[in-house]
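A.B. asks: sequence and predicted structure are below.
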Amino acid sequence: MTYEEFREEIKKLKASNKYPSLKSYTLPSLWIAEKNFSRIDPEIIRIIAQELELPLVEVEEAARFYAMFHTKEKGKYVIRVCTNLSCMLNGAEDIVSELKRLLGIEVGQTTPDGLFTLEEYECMGLCDGAPALTINEERFLRVKKEELPQILKKFGWKGE
Amino acid sequence: MMEKLLLRNVDKENSHTIDVYLSGGGYRAFKKALKEMTPDDVVEEVKISGLRGRGGAGFPTGMKWEFAAADVKEPKFFVCNADEGEPCTFKDRVIIEKDPHALIEGMLIGAYATGCRYGYIYIRGEYPIGRKILERAIAEAYERGFLGENILGTDFSFDLYVHSGAGAYICGEETALIESLEGKRGEPRIKPPFPVNAGYLWKPTVVNNVETLANVPLIIERGGKWYSQIGSPDCPGPKLFPVSGKVKRPGVYELPMGTPLEEIIFEHAGGIVKDRKLKAVFPGGASSSVLTSEEINVPMDFPSLAKAGTMLGSGAIMVLDETDCIVKATLRLTEFFRHESCGKCTPCREGTDWLVRILRRIEEGKGSEDDLDVILSISETMENSFCGLGMAAHNPAASTVRKFKDEYLLHVKLGRCPFRSV
């Protein structure tokens, strides 16, 4: 998406009349950015601020507050491994270390080809399928270490 | 076994579609409310039912609606709190994904009763599948004339939208949720004023949890009196219990409020994996105080758990077995709160951070006996936090230090975690 296309998307969003206050479009606008850009950069924040008639800082603080918005560069696919209690008790730590090994990156990093970002994540409400992980919007439940290469290959991983 | 009420539709094929919902009697309660009852009648019926909010605080729903109905400011907003973020809670997810129309119908009835013109479902960003299902269900409800202007030929109009959160546990707190809906950082507001009088854009705003709203069509259809006779007398109704951790059959179980914890774990969830011994249970999510294996014969309802020194919260039951390290589990839950503390107030921001540091050094075998007193002292200070997050965040640490002191001391004595093989 180009910046101009992004601006058009926000205009469309405003035309939906979903909220009686322009500022309420902040999170929906940031979501469009999150899904269509590799990071929410200063230019994106400026466009949102202009369209919603807000001070830059108010958009920026929202962009930085929420865990799912990336103001730093992310990969095409974000792998979120839940490590909260139920997943931890069911082996989430092994899943994280195996993913680190397979992808050759640490938690919080992106593979050099820009394909995957690995994140340890808080509970995603998938505890009946612990240990659970998601890749973008797809979820994987009761994940076993041995299944990880197969899962990654689905998303274009070229390793092993 | 009790008749399935909240989960009555979830096993049907395509249960998320309006046709399946209608064929099971869906939207009948809404029609009844709209055509045969005044808004006051609806509020009265919900009051008679004794329904208490299922989000964690357990506030009487009928009273909340009465307050909102009495406020004359316009427009009023009806918000569904679908920001289910309490660790190990996944009950609302089941309703959102499998029975979204029950939720929409509950909102419609509530909006009619309180005079709300606009509605938002604030769903956590981690539920993208649920968001799509809700958006589709809302579109279906518009097509069939259940949403929009002059619904079913009456004066009642209601527009409903989905608003997606973006990963912040604090937004489950209703005033933080409202701040987030307004496009801000999710920081809680001081109460009072309460959202029913000054919520979204400082207009009257009802905020109800998903499961709470799913109860409403049942109450209107079968009557508040019928509902009040299910489960515990002082907080009646069916309850969804998400059970996870070291049980054989993790999942969401619908049981009458007041079902004993022991029965839920050993009968419904199948007992402990590999038939090990149960060690500890967090009975109401990550913010609840721990119960030991001797304390699990307790009815799962708000007053009984409060009496047992813990809380029902979201009803999320997290089970640890004898091979699990209590210090490590506590550390992980406390790390969660440190991550999710919004930073607004000092007791919570600093308290969660220090608890994590101290718990970590104990877990790594570098702690001292004095650390346990420090944990309890931090815990006491955190009681003075600005909102419920900080007031509850120290519960796992303080309660495990009190009830599993020997295990903490063993870490100190051995200089390592006794549950690690190396």
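C.D. replies: Structure received. All of these numbers come straight from a predicted model, not from anything done at the bench.
A.B. asks: burial measure for B:Trp354, as a count.
C.D. replies: 17 (other Cβ atoms under 10 Å in any protein chain shown). Placement of C-beta: from N, CA and C, glycine included.
A.B. asks: hang on, it packs against B:Ile378?
C.D. replies: Yes - B:Trp354 is in contact with B:Ile378 according to Cβ atoms under 8 Å; the separation is 5.6 Å.
A.B. asks: center of chain A, which residue is that?
C.D. replies: A:Met68 (4.9 Å; Cα atoms, centre = their mean).
A.B. asks: residue ranges with poor pLDDT in chain A?
C.D. replies: By pLDDT under 70, chain A contains no weakly predicted segment.
A.B. asks: what is the neighbour count of the residue lying closest to the residue nearest to the centre of chain A once chain neighbours are set aside?
C.D. replies: By the measure of Cβ to Cβ, 6 or more residues apart in numbering or on different chains, the closest residue to A:Met68 outside its immediate chain neighbours is B:Gly167, 3.7 Å from it. Residues near B:Gly167, counting by other Cβ under 10 Å, number 20.
A.B. asks: ditto for B:Arg361
C.D. replies: 16.
A.B. asks: what helix or strand is it on?
C.D. replies: helix B:346-363 (DSSP states H and E).
A.B. asks: was I right about B:Ala33 contacting B:Ala111?
C.D. replies: No - taking contacts as Cβ under 8 Å, B:Ala33 lies outside contact range of B:Ala111: 10.3 Å.
A.B. asks: that older thread, could you say what helices and strands the helix holding B:Arg361 packs with?
C.D. replies: helix B:326-340, helix B:370-382, helix B:388-393, helix B:405-414 (3 or more Cβ pairs under 8 Å, 6 or more residues apart in numbering or on different chains; DSSP states H and E).
A.B. asks: could you dump those to a markdown table with mean neighbour count?
C.D. replies: A markdown table is the format used below for those (neighbours: other Cβ atoms under 10 Å in any protein chain shown):
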| stretch | mean neighbour count |
| --- | --- |
| helix B:326-340 | 24 |
| helix B:370-382 | 17 |
| helix B:388-393 | 23 |
| helix B:405-414 | 16 |
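A.B. asks: turn those into JSON lines, columns for distance to B:Glu84 and mean pLDDT.
C.D. replies: Shown next, in JSON lines, are the helices and strands packed on helix B:346-363 (distance: least, Cβ to Cβ, whole Å; pLDDT from 0 to 100):
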{"stretch": "helix B:326-340", "distance to B:Glu84": "14", "mean pLDDT": "97"}
{"stretch": "helix B:370-382", "distance to B:Glu84": "24", "mean pLDDT": "98"}
{"stretch": "helix B:388-393", "distance to B:Glu84": "15", "mean pLDDT": "95"}
{"stretch": "helix B:405-414", "distance to B:Glu84": "31", "mean pLDDT": "98"}
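A.B. asks: ok, and the residue nearest to B:Val20 when sequence neighbours are not counted, which helix or strand is that part of?
C.D. replies: Among residues not flanking B:Val20 along the chain, B:Asn14 sits closest, at 5.1 Å (Cβ to Cβ, 6+ apart). Per DSSP H and E, B:Asn14 falls between elements, in no helix or strand.
A.B. asks: state the distance from B:Asn14 to B:Arg93.
C.D. replies: In this view, B:Asn14 and B:Arg93 are 18 Å apart by Cβ to Cβ, to the nearest Å.
A.B. asks: so between these two, which is more surrounded?
C.D. replies: B:Arg93 (25 against 10).
A.B. asks: burial check on the closest residue to that one other than its chain neighbours, number of neighbours?
C.D. replies: Once flanking residues are discounted, B:Arg93 sits nearest to A:Gly125: 4.9 Å by Cβ to Cβ, 6+ apart. A count of nearby residues for A:Gly125, using other Cβ under 10 Å, gives 28.
A.B. asks: distance check, B:His101 against chain A.
C.D. replies: 20 Å (Cβ to the nearest Cβ, to the nearest Å).
A.B. asks: neighbours of that residue, just the number please.
C.D. replies: Counted with other Cβ under 10 Å, B:His101 comes out at 30.
A.B. asks: now the helices for chain A?
C.D. replies: A:3-15, A:26-36, A:42-52, A:56-65, A:85-89, A:92-103, A:148-153 (DSSP state H).
A.B. asks: any chance of CSV for those, columns mean neighbour count and distance to chain B?
C.D. replies: Formatted as CSV, these follow (neighbours: other Cβ atoms under 10 Å in any protein chain shown; distance: least, Cβ to the nearest Cβ, whole Å):
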stretch, mean neighbour count, distance to chain B
helix A:3-15, 14, 12
helix A:26-36, 21, 3
helix A:42-52, 18, 8
helix A:56-65, 18, 4
helix A:85-89, 27, 4
helix A:92-103, 18, 10
helix A:148-153, 16, 17
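A.B. asks: can you redo those helices as TSV with distance to B:Pro217?
C.D. replies: Formatted as TSV, the helices of chain A follow (distance: least, Cβ to Cβ, whole Å):
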stretch	distance to B:Pro217
helix A:3-15	32
helix A:26-36	29
helix A:42-52	37
helix A:56-65	35
helix A:85-89	31
helix A:92-103	37
helix A:148-153	39
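A.B. asks: nearest to B:Ser385 among the ones you listed would be which one?
C.D. replies: Taking Cβ to Cβ, helix A:56-65 is the member of those nearest to B:Ser385, at 18.5 Å.
A.B. asks: contacting residues around the closest one?
C.D. replies: A:23, A:26-27, A:30, A:40, A:45-46, A:48-49, A:52, A:69, A:71, B:168, B:183-186, B:342 (Cβ atoms under 8 Å, 6 or more residues apart in numbering or on different chains).
A.B. asks: pull up the pairing partners for the lengthiest strand in chain B, direction included.
C.D. replies: The strand that spans the most residues within chain B, counting by DSSP state E, is strand B:238-245. Take DSSP bridges as the rule and strand B:238-245 pairs in its sheet with strand B:251-256 (antiparallel), strand B:317-321 (parallel).
A.B. asks: for the record, mean pLDDT for it?
C.D. replies: For strand B:238-245, the mean pLDDT works out to 98.
A.B. asks: got the angle between the helix holding B:Arg361 and helix B:370-382?
C.D. replies: 160 degrees (axes from the mean of the first three to the mean of the last three Cα atoms, to 10 degrees).
A.B. asks: now do the buried residues in helix B:346-363.
C.D. replies: B:347-352, B:354-356, B:358-363 (16 or more other Cβ atoms under 10 Å in any protein chain shown).
A.B. asks: can you pull out the strands in chain B?
C.D. replies: Under DSSP E, chain B gives strands at B:77-82, B:118-123, B:159-164, B:205-209, B:238-245, B:251-256, B:278-282, B:291-292, B:317-321.
A.B. asks: could those strands be laid out in a markdown table, adding mean neighbour count and distance to B:Lys4?
C.D. replies: Listed next are those as a markdown table, based on neighbours: other Cβ atoms under 10 Å in any protein chain shown; distance: least, Cβ to Cβ, whole Å:
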| stretch | mean neighbour count | distance to B:Lys4 |
| --- | --- | --- |
| strand B:77-82 | 27 | 21 |
| strand B:118-123 | 24 | 24 |
| strand B:159-164 | 20 | 26 |
| strand B:205-209 | 27 | 20 |
| strand B:238-245 | 26 | 8 |
| strand B:251-256 | 20 | 6 |
| strand B:278-282 | 25 | 25 |
| strand B:291-292 | 20 | 27 |
| strand B:317-321 | 26 | 19 |
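A.B. asks: can I get those strands in a markdown table with distance to A:Gly156?
C.D. replies: As requested, these are exported to a markdown table (distance: least, Cβ to Cβ, whole Å):
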| stretch | distance to A:Gly156 |
| --- | --- |
| strand B:77-82 | 33 |
| strand B:118-123 | 29 |
| strand B:159-164 | 27 |
| strand B:205-209 | 39 |
| strand B:238-245 | 32 |
| strand B:251-256 | 33 |
| strand B:278-282 | 39 |
| strand B:291-292 | 46 |
| strand B:317-321 | 36 |
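A.B. asks: find the nearest non-adjacent residue to the most far-flung residue of chain A relative to its centre, please.
C.D. replies: Most distant from the centre of chain A: A:Pro20, at 28.0 Å, with distances by Cα atoms, centre = their mean. Sequence neighbours aside, B:Leu201 is the residue nearest to A:Pro20 in space, at 6.6 Å (criterion: Cβ to Cβ, 6+ apart).
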